[in-house]
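>>> Give me a model of this one.
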Amino acid sequence: MRLLILGTAAGGGVPQWNCACAGCAAARTEPSLRRRHASIAVEAGEGRWYVVNATPDIGEQIEACAVLHPGPARRTTPIAGVILTDAELDHTLGIPRLREASGLRIVSTGAVRAALSGGLRLDRVLAPYAGLSWTTLPEKDPEELDGGPLEVQGIRVSGKRPRYAAELDEPAGDAWVVALRVRDRRDGKVVVYAPALADWPDDLDRALQDADCVFIDGTFWDDEEPVRSGFTQKTSTQMGHLPITGPNGTAERMAALPAERRLYTHLNNTNGLVHADDAGHRRLAEAGLEVAREGALIEL
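Below you'll find the model as predicted:
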C-alpha cells in the first residue's frame, strides 16, 4: 500500500489568514513552515488514488504530488474519488474545487452525506458541473473499494456534527465522525487515519492493534492550549479533540501501539509542533512517535 501525506494542519492551515500567533507569524516569514489542511491520499490500484478528505487546499495538494497529476490523456486523472471522515468544512470545501471532473465519487457515512446534500446542498450546486455519486462507507464490516485490493471501514469516534448541520435531522444510527481503516488484501497491511478524535472508543482501540501505520489527531499539545492561546474558553477535549499530552492525552496510548509508523496530524496553528525545532518533537521521538511530514510518500 502507498500513502501520500497531502497536508497536516487543522482548520485554517498555517498560517491562518486572520491569526498573528507565533506559529502563523513564523510561517509568513519562512514559507517552509507553512502547512496545508490535513489530508492523505491512498493508492487504490495502479495509477488510481483516493483522497481522504477534500480540503480547501486540494488543488495545491494535487499539484504538489507528481503521481496525482493528470495524463497521459488530456483529461485523464489518477484521482478516483474522495473518502470523507466527517462533514466539517475543513474536510469538504475542496469538493467544489473538483467540479471540472466528469463525475466525482464520494465515500462517506449517511450522516455526512445528509449534511453535505441537505446542509451545504452540494448535490444541487454541483449538478450543472459534475454529478456526485455516493458510496456508503461501511462501519460494521470492511468492504472492497472499487473491487480492487483495498478494503475500507469507518470506525465511529465522535458524534460531533458541523455547526452548519446543527438543525438537520440526523440519519438514524449513522456516524458523524469516523476514523478510516484501510486494509490491503494483497499483504494484509493496515492503515488507520483519525484526524479528529473526541474519544478513544474500544472499537478504535481494536482497529489500531493490527495497524501497520496510524495517523492520530494532534490538534492540540495539551488540554488547556486553546484557552491559554486566548481564542476560546473551551479546552481541547471540549472542542472535540483529545490532546496529545496530559491526563486525557493520546501519546501514552500511541506509544503502546504495535504499528511500525505512529504519526500525529491535524496540528492547530497554536500547537508548538508546527515548528520543526519545538521540544515536543524530541519528546515524541523518544516514545517512537512522529509528526506527519507533508509531501512524504509512505510505502507499507
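>>> Is residue 26 within a helix or a strand, and which one?
Residue 26 belongs to helix 22-29 when assigned by DSSP states H and E.
>>> Might you report the residue contacts of the residue lying closest to residue 276 once chain neighbours are set aside?
Computed as C-beta to C-beta, 6 or more residues apart in numbering, the closest residue to residue 276 that is not its neighbour in sequence is residue 33, at 7.5 Å. (Each C-beta comes from the backbone N, C-alpha and C, glycine too.) The contact partners of residue 33, by C-beta atoms under 8 Å, 6 or more residues apart in numbering, come to 14, 23, 26, 27, 274, 275, 276.
>>> Roughly how far does residue 33 sit from residue 228?
Separation of residue 33 from residue 228 (C-beta to C-beta, to the nearest Å) stands at 21 Å.
>>> Check residue 257 too.
28 Å.
>>> Looking at the two, which is more packed in?
residue 257 (17 against 13; other C-beta atoms under 10 Å).
>>> Tell me if I'm right that the more buried one and residue 211 touch.
Yes: assessed by C-beta atoms under 8 Å, residue 257 is found in contact with residue 211 at 7.1 Å.
>>> what is the mean pLDDT for the host helix or strand of residue 192?
Using DSSP H and E, residue 192 maps to strand 190-194. The average pLDDT for strand 190-194 rounds to 98.
>>> Who are the contact partners of residue 123?
By C-beta under 8 Å, 6+ apart, residue 123 lies in contact with 116, 117, 132.
>>> likewise residue 12?
If you count contacts by C-beta under 8 Å, 6+ apart, then residue 12 has 19, 90, 269 around it.
>>> What about these, which are in strands?
Among the contacts of residue 12, DSSP state E puts none in strands.
>>> Same list, those, but as a markdown table with distance to residue 217 and pLDDT please.
What follows is those, written out as a markdown table (distance: C-beta to C-beta, whole Å; pLDDT from 0 to 100):
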| residue | distance to residue 217 | pLDDT |
| --- | --- | --- |
| 19 | 20 | 94 |
| 90 | 13 | 97 |
| 269 | 15 | 96 |
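>>> mind checking the SS state of the closest residue to residue 293 other than its chain neighbours?
Sequence neighbours aside, residue 5 is the residue nearest to residue 293 in space, at 6.3 Å (criterion: C-beta to C-beta, 6+ apart). Secondary structure for residue 5, judged by DSSP: H, G, I helix; E, B strand; the rest coil, is strand.
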